[in-house]
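Sequence and predicted model, in that order:
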Amino acid sequence: DLVSWLPRDARVGQAIVYYNIAAIYAITNDVEKAFKHFNLFVNLFGKTQPAHSFQLKFYLDLLDGNRHRLQILLKENFGHLTSNKSFVAFPTLTHTLSTNNS
């Protein structure tokens, strides 16, 4: 079931404002303030948030460098779509080329 962004009441409208502020802080790399406003959004919006909120949460976890928290979030909410394997970091093409040329 998709969750609508349309505010049902003033509380949900305020939650959406906090979400937008969190997105602005994320874009400007102020992760601490982004997390603060994202948490206010989650607390006000309620148990089920729209898909956009997951995208912002993923981005914040990546900015924060917390892969473990991101993996937990993916397994809890999208376990039916993801494998049970951990993320594996593959060497970049640049790294591979520089190693082969040495």
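In hand now; what should we look at?

Beyond the helix or strand hosting residue 55, next helix or strand please.
Using DSSP states H and E, residue 55 falls within helix 51-64. Next along the chain after helix 51-64, taking DSSP H and E as the criterion, comes helix 67-78.

Sort out which residues of that following helix are buried, please.
70, 74 (16 or more other Cβ atoms under 10 Å). In this view, the C-beta of every residue, glycine as well, is placed from N, C-alpha and C.

on contacts alone, who are the packing partners of that helix?
helix 51-64 (3 or more Cβ pairs under 8 Å, 6 or more residues apart in numbering; DSSP states H and E).

For the helix it packs on, could you pull out the residues that count as buried?
Buried residues in helix 51-64, counted by 16+ other Cβ under 10 Å: 53, 56, 57, 59, 60, 61.

pretty sure the last one is touching residue 71, no?
In other words, residue 61. No: Residue 61 lies out of contact with residue 71 (Cβ atoms under 8 Å); the separation is 9.1 Å.
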